[in-house]
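Novice: this one's sequence-less:
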């Protein structure tokens with residue numbers, strides 16, 4: 001009689017605890033420590049990206065083009081994650097929103113199941129999971145907006161009293177409406193990054209991008225959504241800077 005399959009949940013939880021501890025120390029210390037972590041994660045992601053490309057791009061010109069595109073994609077994301085583009089608190093908010101996307105997608109997808117989005121690319125991704133990702137990310141941003149409002153309500157009240165305007169006039173400061181926009185956008189971009197990495201793995205014929213993180217696969221498996229979100233933020237900021245001249 002074959003032995004029952006062992007669950008990898010303890011291993012996954014242990015690895016997650018180590019990753020959270022390392023990230024917490026880096027965010028707490030900030031400065032070059034946090035920037036060093038961003039650089040290390042970025043390099044690890046690019047190495048795994050290059051290994052995937054090496055498996056499916058045989059011609060050197062094609063491989064070189066893929067590597068160039070990957071360097072731009074991952075490099076811009078990492079550049080966006082450090083000052084002056086982003087401070088530690090802003091990066092923490094972005095990371096938190098992507099974690100919310102992953103958690104919402106996981107529990108909604110596992111709990112509700114239903115039709116797959118693109119089974120040939122990522123068999124586990126469902127429309128229910130995407131809906132859960134949108135709700136979780138929106139809830140995360142709404143929570144941040146609420147915290148921001150209550151932490152700064154004295155300032156907002158002073159503006160209301162001084163300029164005889166309603167709170168609605170300063171509503172953009174509370175970010176509640178922004179949350180209803182950024183939540184779905186973050187979920188869609190993060191999931192697109194996940195699909196992109198899954199597509200690369202499909203082409204390379206592998207299940208995980210690497211084996212560095214026990215129970216989780218590779219670095220790219222953990223950063224796919226975050227890289228996509230940071231990349232889009234970087235593109236938008238570059239566009240705004242160009243418009244402003």
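Specialist: Here it is on my side, so go on. Bear in mind that the values here come from a model prediction, so they are computed numbers and not experimental data.
Novice: buried ones in the helix or strand containing residue 99?
Specialist: Assigned by DSSP states H and E, residue 99 falls within helix 88-112. Neighbour-count burial for helix 88-112, counted by 16 or more other CB atoms under 10 Å, picks out 88, 91, 94-95, 97-102, 104-105, 108-109. C-beta: built from backbone N, CA, C; applies to glycine.
Novice: repeat for stretch 61-69
Specialist: Neighbour count says stretch 61-69 has 66-67 buried, by 16+ other CB under 10 Å.
Novice: just stretch 53-62 next, same as before
Specialist: Result for stretch 53-62 [16+ other CB under 10 Å]: buried residues 53, 56-57.
Novice: got it, and stretch 188-208?
Specialist: In stretch 188-208, counting by 16+ other CB under 10 Å, buried: 188-191, 193-198, 200-202, 204, 206.
Novice: Run the chain-centre distance for it.
Specialist: Distance of stretch 188-208 from the chain centroid (CA atoms, centre = their mean, to the nearest Å) equals 14 Å.
Novice: Residues contacting that stretch, please?
Specialist: 49, 51-53, 55-56, 97-98, 101-102, 105, 117-118, 120-122, 125, 130, 133-134, 137, 209, 217-218, 220-221, 224-229, 231-232 (CB atoms under 8 Å, 6 or more residues apart in numbering).
Novice: among those residues, which are in helices?
Specialist: Taking DSSP state H as the definition of helices, the contacts of stretch 188-208 contribute 49, 51-53, 55-56, 97-98, 101-102, 105, 130, 133-134, 137, 220-221, 224-229, 231-232.
Novice: which stretches of the protein form strands?
Specialist: Remark: no strands are assigned in the chain by DSSP state E.
Novice: Quick check: longest helix in it by residues?
Specialist: Max-length helix for the chain by DSSP H is helix 176-204.
Novice: For that helix, what does the pLDDT average out to?
Specialist: The pLDDT scores in helix 176-204 average 93.
Novice: repeat for stretch 118-132
Specialist: 92.
Novice: For that stretch, buried residues please.
Specialist: 121-122, 125-126, 128-132.
Novice: If I follow the layout properly, residue 54 ends up in contact with residue 60?
Specialist: No: counting by CB atoms under 8 Å, residue 60 is not a contact partner of residue 54; they are 10.8 Å apart.
Novice: Run through the chain and note the low-pLDDT ranges.
Specialist: 1-10, 12, 152-175, 214-215, 245 (pLDDT under 70).
Novice: Nearest residue to the middle of it?
Specialist: residue 226 (2.3 Å; CA atoms, centre = their mean).
Novice: Now do the same contact list for the nearest residue to that residue once chain neighbours are set aside.
Specialist: Once flanking residues are discounted, residue 226 sits nearest to residue 98: 4.7 Å by CB to CB, 6 or more residues apart in numbering. Residues near residue 98 by CB under 8 Å, 6+ apart: 186, 190, 225-226, 229.
Novice: which one of those residues sits closest to residue 151?
Specialist: Lowest distance from residue 151 to those (CB to CB) belongs to residue 186, with 22.0 Å.
Novice: Looks like that closest one contacts residue 228 (just checking).
Specialist: No: the pair residue 186 / residue 228 is not scored as a contact, 9.7 Å apart, by CB under 8 Å.
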